[in-house]
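Undergrad: the sequence and its predicted three-dimensional model are supplied below.
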Amino acid sequence: MAVAREAEPVSSLTEIKEAGLDREDLLGIYRHMLLTRGIEERGHILYKQGKIPGSFYTGRGNEAASVGIATAMGPEDVGTPLHRDMGVHIVRGVEPWRIFAQFMGRADGPTKGKDGNVHMADDRLGLIAMVSHLPAMLPVAVGCALAFRIREEKRVALTWFGEGASARGDTHEGMNLAGVRRLPVVFICDNNQWAYSTPTHLEYACEHIADRAKAYGFEGVVVDGTDVLAVYREAKAAIEKARDGGGPTLIECLTLRMEGHAVHDDASYVPKEMFEEWAKRDPLERYRTWLRENAEFTDEEEDEIRSQVKKLLNDAVQRADESPDPDVDTLLDGVYATPEDLDTPHHK
Ligand SMILES: Cc1ncc(C[n+]2csc(CCOP(=O)(O)OP(=O)(O)O)c2C)c(N)n1
Ligand SMILES: [Mg+2]
């Protein structure tokens, strides 16, 4: 039996305006989703061209979930996005050319060539790079939230984990401490129904991951992760509740991982019908239809956004390719924090 609340879709332009988005914001969301997908598609091409060392991960199918959550974050909030959450980097303002530079291991990527593909974050934008997917970032975010509480800062920490990662102990430890101390943190489960080749019925025995929130003393919400506005509305409510002292929320975004675990994996173990079913709920297509039906989105506006994104991506790939390989003498720069770094606010 489900325990978590199941979120409804957003019904109208009026409802989303009340949740804090005007028409310009709505078009901005579409642009961010297109950019998110475009970066991953271009990245995949670069990988096939042999320009990306290691493997390459995408979050196809998760664009609405990642963009929706990040759009609801405040400028001073912090987040720990994972390998399916490119949209978070985009919304926070990481320049696409730096992301391509990161993919290619160049000096201008956020990790300056020290870590691979999506293992990155720009701390000046309130993002903390992942230690691991599984799910080492939950305790880190809970620690941030505890620091905000001690320093009496009205900030919120957001942290992501996969449904597979939810089976590990650090998920329990992070959520338990957050619940006990009612910390300002929002947990986001990217439930894409597969953990590599393991399906959900071999991952957990409750109906929803979000059902577990009640046991930690806070609310759990399941939301359709292909519906960007529903995700935004739920995230906005959870973030403001946390900011106002109401404690944590667990938001489970339900999607399907539309590609392999990474590009080396053909996902042949995922039933074809599942892909066909979820392809009908493509997040970009759904949102485009919503904009047309509810916000008088015109062909001209769409063409303009699409051509801006295309140009941005073309320029970004070129600029990233001009970025040099890192100098070997910089190998240890930025690897260890100094006390001065620790005193520096993330948003300087
Ligand atoms: C301790 C550990 N074991 C294995 C891995 C390799 N690994 C990374 S992500 C992943 C699957 C995670 O599944 P899920 O949490 O559902 O996230 P998804 O990849 O589906 O988004 C695995 C096995 C790892 N990074 N760390
Ligand atoms: Mg998964």
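TA: Looks like it came in fine. Ligands and ions are numbered 1, 2, ... in the order given.
Undergrad: now do the residue nearest the centre of the chain against Tyr269, distance only.
TA: In the chain, the centroid-proximal residue (CA atoms, centre = their mean) is Asp85; its distance is 2.8 Å. Per CB to CB, to the nearest Å, Asp85 is found 24 Å from Tyr269. Every C-beta, even on glycine, is put in place using the N, C-alpha and C of the backbone.
Undergrad: on that earlier part again, pull the number of nearby residues for the residue nearest to the residue nearest to the centre of the chain when sequence neighbours are not counted.
TA: Leaving aside its chain neighbours, Asp85 sits nearest to Ser66 (4.2 Å; criterion: CB to CB, 6 or more residues apart in numbering). Using other CB atoms under 10 Å, Ser66 is surrounded by 32 other residues.
Undergrad: can you offset everything so residue one is 626?
TA: With 626 as the first residue, the last one maps to Ser691.
Undergrad: next, the buried residues of stretch 832-840.
TA: 833-838 (16 or more other CB atoms under 10 Å).
Undergrad: the residue nearest to the centre of the chain and Asn687 touch, don't they?
TA: Yes - counting by CB atoms under 8 Å, Asn687 is a contact partner of Asp710 at 7.0 Å.
Undergrad: quick check: neighbours shared by those two?
TA: Common neighbours of Asp710 and Asn687, using CB atoms under 8 Å, 6 or more residues apart in numbering, are Asp815.
Undergrad: OK, contacts around whichever residue of the stretch 826-973 of the chain sits closest to ligand 2?
TA: Closest to ligand 2 within the stretch 826-973 of the chain is Arg882: 6.1 Å, counting by CB to the ion. Neighbouring residues of Arg882 by CB under 8 Å, 6+ apart: 685-687, 709, 817-819, 892, 895.
Undergrad: ok, of those residues, which come out buried?
TA: Buried among these by 16+ other CB under 10 Å: 685-687, 709, 817-819, 895.
Undergrad: next secondary structure after the helix of greatest length in the chain?
TA: Identified as the longest helix of the chain according to DSSP state H is helix 648-673. Toward the C-terminal end, the helix or strand that comes next after helix 648-673 (DSSP states H and E) is helix 688-697.
Undergrad: are the helix or strand just after that following helix and ligand 1 in contact anywhere?
TA: Next helix or strand after helix 688-697 toward the C-terminus (DSSP H and E): strand 703-705. No - Strand 703-705 stays clear of ligand 1 (CB under 6 Å from any ligand atom), getting no nearer than 13.8 Å.
Undergrad: packing partners for the helix or strand just after strand 703-705?
TA: Scanning forward in sequence from strand 703-705 by DSSP H and E, the next helix or strand is helix 711-717. Helix 711-717 sits against helix 648-673, helix 688-697, helix 721-728, with contacts defined as 3 or more CB pairs under 8 Å, 6 or more residues apart in numbering; DSSP states H and E.
Undergrad: which among the ones you listed is found nearest to Gly845?
TA: Gly845 sits nearest to helix 688-697 of all these, at 15.4 Å, using CB to CB.
Undergrad: all helices in the stretch 826-973 of the chain, in order from the N-terminus.
TA: Along the stretch 826-973 of the chain, counting by DSSP state H, counting those that start in this stretch, helices occupy 838-841, 853-868, 897-904, 908-919, 924-947, 964-967.
Undergrad: now the helices and strands packed on helix 711-717 in a markdown table, with distance to Pro951 and mean pLDDT?
TA: Converted to a markdown table, the helices and strands packed on helix 711-717 look like this (distance: least, CB to CB, whole Å; pLDDT from 0 to 100):
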| stretch | distance to Pro951 | mean pLDDT |
| --- | --- | --- |
| helix 648-673 | 18 | 98 |
| helix 688-697 | 28 | 98 |
| helix 721-728 | 10 | 97 |
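Undergrad: so which of those is the most surrounded?
TA: Comparing those by mean neighbour count (mean count of other CB atoms under 10 Å), helix 688-697 ranks first with a mean of 30.
Undergrad: that one packs against which elements?
TA: Checking 3+ CB pairs under 8 Å, 6+ apart, helix 688-697 ends up next to helix 648-673, helix 711-717, strand 810-816, helix 853-868, strand 874-879, helix 908-919.
Undergrad: spell out which parts of the stretch 676-825 of the chain neighbour ligand 2.
TA: Counting by CB under 5 Å from the ion, the stretch 676-825 of the chain comes close to ligand 2 at 787-789, 817, 820.
Undergrad: for ligand 1, give me its nearest residue in the chain.
TA: When distances are taken as CB to the nearest ligand atom, the chain reaches nearest to ligand 1 at Gly787, 2.1 Å away.
Undergrad: state the distance from the closest residue to Thr683 other than its chain neighbours to His714.
TA: Counting by CB to CB, 6+ apart, Glu665 is the residue found nearest to Thr683 once chain neighbours are left out, at 4.2 Å. For Glu665, the distance to His714 (CB to CB) stands at 11 Å.
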